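Chemist: From the sequence below, what's the structure:
(3 chains)
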Amino acid sequence: MVSGFLSKPFRFFISMSKEHKGEWYIIVAGALILFVIIFSSVFAGIIAPYGPVTDVASPYIKEHNLDLRAATPLPPNETFIMGTNDLGFDVFSRILFGSRTVLLVSIAASIFSALMGIPIGLLSGFYGGKVDRTLSLLMDSIYSFPGLILAIALAAMLGPGVTNISVAIAVIYVPTYFRIVRGQVLSVKEELYVEAARSIGAGPMTIMTKYVFPNVIASVVVIFSLNVADAILTEAGLSFLGLGLPPDLPDWGIDLAKGKKFVPSGYWWIITFPGLMIMLVALSFTMIGEGLNEVLNPRLKEK
Amino acid sequence: MDDAILSITGLSIHYPTSTGIVKAVDNVSFSLPRGKVVGLVGESGCGKSTLGLAILKLMRPPGEIVAGKILLDGENLIDKDEAQMRRIRGPKVSMVFQDPMTSLNPLIRLDRHFLETIDAHERNVGKDDAMARINKLVEHLGISSSRLREFPHELSGGMRQRIMIGLALILNPKLIIADEPTNSLDVIVEAHFLDLLKGLQKEYNLTILLITHNMGIVAQLADRVAVMYAGRIVEEAGVMDLFARPLHPYTKGLLSSIPNIEVDQMRLYTMPGSPPDLTDPPPGCPFHPRCPNKMSICDKKTPHDIITDGRHVECFLYGGKDA
Amino acid sequence: MRALLSYILTRILLTIPMIFILLTLVFFIIRVMPGDPVKSMLGAHAPKETMDEVRHQLGLDKPIIDFSTNNQFVDYMSAFFHGDLGQSLWYRVPVTEKIAQYFPATLELSFFALLFAVVFGVATGAFAAHKRKSAADYSIRLFGITSYSIPVFWLGLMLQMIFGVAFDWFPIAGRIGARVSPQVITGLYVVDGIITLNFEQVASALWHLVLPSTALGLILCGIFIRLTRANMLGVLKQDYVLAANARGIPKRRVVYKHALKNAFVPILTMMGLEFAYLMSGAVLTETTFSWPGMGSFLVESVNYRDFPALQGTIIFIALLVMGISLLVDILYAIIDPRVRY
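Modeler: Below you'll find the model as predicted:
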């Protein structure tokens, strides 16, 4: 039996999970996938059998007296479970190290966006008037623009590098936070309890921090999760186009770009695994975001 | 009642839900005499709307009829399949819903609503003939036929409700089920609308099942009244008898909750308690927890088919204790 | 009718400041880009005089922006309003000419991808709504969520590997077979083939479209599945559907006339919103399938540092997206009589 201070949150969790059983399965499944991926990315140095840029195929070929030309790249076997690429690097090891790049860039980008979009949205919604109109117009302009194409232009402008590509991706998601936060602020502002607080002399800072921000948090968590999923795909897309990241970095998008030329030769393992990983990571964030959305915004739930 | 256009016997409708089975309508029997207006009254959630929809077998899913008979002109509707039911809906029995705004498709012009209704049942009517008929009916209801080219949202609430009546009448059915038809109207419009309904009823010799929670409307329009509580009809009588001498404690409670300017009341009567949870109704008579006249038998047995002075009332105060 | 016209006019007027903001944004993004376009055009070892001369010809020696009327920004804006998007540094032809050459390929690909997404998405979404809570419903919804997470270029590569290489059913690159010399009128090979009655061209063009438009369409269809399902479920619960049933309107008519018409309005809006996403996807799909369209041209322009071309392409895509969203809003107002501002 759960007793004492634990019982309350525990019961809350139980009641939540009863009400949104399906959603919790989705959230937990997403979180599990994500946990495994983050774990293996943090401990890539220990888990990975080889380095990401070590030619491990050549010694193997020599040792087993294989015909060099017929053997490279090596298909999956018991030594290299996902095979090797044309340079003799172990695909599995590259995938483990590559997860660092994609997670770092996409999460950093999403944090950048949130840090820019939330305050601007709060201000715009709270003060209204000309400031709001100008900001909204600017944000709508960015929002209406094809994200990847804007990111291409920005990435090209800023030059290669992990920080630069994160910033380039961050810019395209600022309007997402802006719009959701501004909308929430506008609706919360009209609530009676906020007007009541104002009438007894609560200042703008108090109203913002005490009433507006807590209401916005739920949406921000959902948006953040979905945003990371999208940022992962954008990052992979930019790398695939050869933009933004230094080409020697282990990265799934870059590996796919390099693997593209092996499609006609049928070296499926070079292409299949990095893409699957991109999909899995993006999917785990989408599952968490979608699940939380149903749990936190019950009015959107279909009956 | 020999000449009943519709008679329902032992009808039960269940809604399976995650928390249990809701007995929305529980062993209900009553009938509609031809050419009369019968009021079906009760609090919201008592099952009266479900009963109304059930006559056309249109309960919202997952509701289903689990027992009973619905005889329309002697034919049992329970035996009819969906295709046969479709041909009954409209030409034989039609419905008027509470909210005309949401009951008209916002993207379809009013004349289309009428045309498709005629088209669905009378294949060989030409468009011009149909339009002539529609125009005539609509003008008769006090709406200029030129407004038929408009969309539902362009009309006022009262006009929309008249359009709904028009849609219900266009195929000349003999029975109309009106589910809270004046709920969305303001008082003045409501009065006009009730006059219109009364006039139409006389003119076309319609039978109307008037579902409402408003005793005032019942008093104005109905010939007979059935009172519904927790999925059951607890009392049924002629309108004069019922108002003059209500028998069931629930009916008495309902009537004393109506403000009456002729009686000098200090305060308005309010019934204690609230309607029961239909997934887990109280044992015996479902009204006993709120009943001022509760007896020891009431939470043990359910009263059934009790007739006193030729009146039907489901209450042990009037006999049936030893049945 | 007058209300509708004034709504359309207002909507068009509102687009103008957005175009201005975008033009300004694009201008500055491109100008601050590192790397010297003239140097990359002429090669690093070109004599300085030649570079200066070219720079002068292109107006790049002027200040980017100042308070006079003789700067790059004013040149850029006035050129834009004369329909001039500048000269490609790499190809040495007007950018508009290159766009005219590449755009039809993108349009053809996008059209078939969107067609696939809408037809497939609406059909499966409606089916899921119909078979609510069945295994089919859950699988369709799962597929919908997963499809957002698939990188389109990877899906493209997988389709190439499976259906292009392993089975050898479809070509994996280009728009048309090597033995077919397409007759170009509109630049849309399928349309041109039909106009000139060259059915070999039509077949070959369609054949080449299968894999890229399937890849792009599958990525896009998730949103349509979800939207159609949710809307159909919502609409089928509406009072007017019940009321139509109570009038004995046949089921098929109720579902396809009443429900689908109402469910279609948000789907149409989504098609407008999705267009920007479609363009992003098209860039990646074109690169994957060596499809000679705007996306390939865009990436090429970045790689060659051909900034007038890059700038022109981005502006063109921006205008296109805005135009589409304008068009969708107007269509929306025509379909849904309640929308009047």
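Chemist: Can you say which helix or strand has residue A:283 in it?
Modeler: helix A:268-296 (DSSP states H and E).
Chemist: on contacts alone, who are the packing partners of that helix?
Modeler: If you count contacts as 3 or more Cβ pairs under 8 Å, 6 or more residues apart in numbering or on different chains; DSSP states H and E, helix A:268-296 packs onto helix A:21-42, helix A:91-127, helix A:213-240, helix A:252-259, helix C:135-149, helix C:152-159. From N, CA and C alone the C-beta is placed, and that goes for glycine too.
Chemist: Which one, of those, ends up nearest to residue C:240?
Modeler: Residue C:240 sits nearest to helix C:135-149 of all the helices and strands packed on helix A:268-296, at 24.4 Å, using Cβ to Cβ.
Chemist: now check that closest one, is it near chain B?
Modeler: No: Helix C:135-149 stays clear of chain B (Cβ under 8 Å from any Cβ of the partner chain), getting no nearer than 14.8 Å.
Chemist: for the residue nearest to residue A:83 when sequence neighbours are not counted, what are its contacts?
Modeler: What sits nearest to residue A:83 in space, not counting adjacent residues and going by Cβ to Cβ, 6 or more residues apart in numbering or on different chains, is residue A:269, at 3.8 Å. Residues in contact with residue A:269, defined by Cβ atoms under 8 Å, 6 or more residues apart in numbering or on different chains, are A:73, A:75, A:76, A:82, A:83, A:91.
Chemist: Please repeat the previous calculation with a cut-off of 10 Å.
Modeler: For residue A:269, the contacting residues are A:73-76, A:80-85, A:91-92, A:259, A:262, by Cβ atoms under 10 Å, 6 or more residues apart in numbering or on different chains.
Chemist: Over to residue A:146?
Modeler: Residues near residue A:146 by Cβ under 10 Å, 6+ apart: A:152, A:172, C:275-283, C:314, C:317-318, C:320-321.
Chemist: residue ranges with poor pLDDT in the stretch 201-341 of chain C?
Modeler: Counting by pLDDT under 70, the ranges of the stretch 201-341 of chain C that qualify are C:337-341.
Chemist: contacting residues for residue C:157?
Modeler: A:240, A:256, A:259-260, A:262-263, A:268, A:270-272, A:275, C:151, C:164, C:172, C:215, C:288-289.
Chemist: Show me the helices in the stretch 151-300 of chain B, by range?
Modeler: Along the stretch 151-300 of chain B, counting by DSSP state H, counting those that start in this stretch, helices occupy B:157-169, B:187-204, B:215-221, B:239-244, B:249-256.
Chemist: repeat for chain C
Modeler: C:2-31, C:37-42, C:48-57, C:72-81, C:95-130, C:135-149, C:152-159, C:189-195, C:199-236, C:239-246, C:251-253, C:260-288, C:294-303, C:307-335 (DSSP state H).
Chemist: and those as TSV, adding distance to residue A:162?
Modeler: Shown next, in TSV, are those (distance: least, Cβ to Cβ, whole Å):
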stretch	distance to residue A:162
helix C:2-31	20
helix C:37-42	24
helix C:48-57	33
helix C:72-81	32
helix C:95-130	31
helix C:135-149	23
helix C:152-159	21
helix C:189-195	41
helix C:199-236	26
helix C:239-246	54
helix C:251-253	57
helix C:260-288	21
helix C:294-303	19
helix C:307-335	23
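Chemist: Provide a list of residues in contact with the residue in chain A positioned nearest to chain C.
Modeler: Nearest to chain C in chain A, going by Cβ to the nearest Cβ, is residue A:275, at a distance of 3.1 Å. For residue A:275, the contacting residues are A:236, A:240, A:252-253, A:255-256, A:259, C:150-151, C:153-158, by Cβ under 10 Å, 6+ apart.
Chemist: what's the distance between the residue of the stretch 51-200 of chain C found nearest chain B and residue C:139?
Modeler: Closest to chain B within the stretch 51-200 of chain C is residue C:132: 9.5 Å, counting by Cβ to the nearest Cβ. Distance from residue C:132 to residue C:139, counting by Cβ to Cβ, to the nearest Å: 13 Å.
Chemist: more crowded one of these two?
Modeler: More neighbours surround residue C:132 than the other of residue C:132 and residue C:139, with 15 against 12 (other Cβ atoms under 10 Å in any protein chain shown).
Chemist: wouldn't that one be in contact with residue C:232 here?
Modeler: Yes: look at residue C:132 against residue C:232 with Cβ atoms under 10 Å: they come within range, at 9.4 Å.
Chemist: what residue is smack in the middle of chain C?
Modeler: Geometric centre of chain C, nearest residue: residue C:279, 3.4 Å, by Cα atoms, centre = their mean.
Chemist: And the residue located most distally from the centre of chain A, which helix or strand is it part of?
Modeler: In chain A, counting by Cα atoms, centre = their mean, residue A:65 sits farthest out from the average C-alpha position, at 43.9 Å. Here residue A:65, judged by DSSP H and E, is contained in no helix and no strand.
Chemist: How confident was the prediction at it?
Modeler: The confidence metric pLDDT takes the value 76 at residue A:65.
Chemist: how close does it get to residue A:215?
Modeler: In terms of Cβ to Cβ, residue A:65 sits 69 Å off from residue A:215.
Chemist: Also residue C:317?
Modeler: Residue C:317 sits at a distance of 37 Å from residue A:215 (criterion: Cβ to Cβ).
Chemist: Tell me which residue of the stretch 151-300 of chain B lies closest to chain C.
Modeler: Evaluated by Cβ to the nearest Cβ, the stretch 151-300 of chain B has residue B:151 as its residue closest to chain C, separated by 4.4 Å.
Chemist: looking at it, residue B:127 is touching residue B:118, isn't it?
Modeler: Yes: with contacts counted by Cβ under 10 Å, residue B:127 reaches residue B:118, the gap being 9.3 Å.
Chemist: Not counting residues beside it along the chain, what's closest to residue 202?
Modeler: Assuming you mean chain A. Of all residues not flanking residue A:202 in the chain, residue A:210 sits nearest, at 7.4 Å (Cβ to Cβ, 6+ apart).
Chemist: right idea, wrong chain: chain C
Modeler: Closest to residue C:202 by Cβ to Cβ, 6+ apart is residue C:193, at 3.6 Å.
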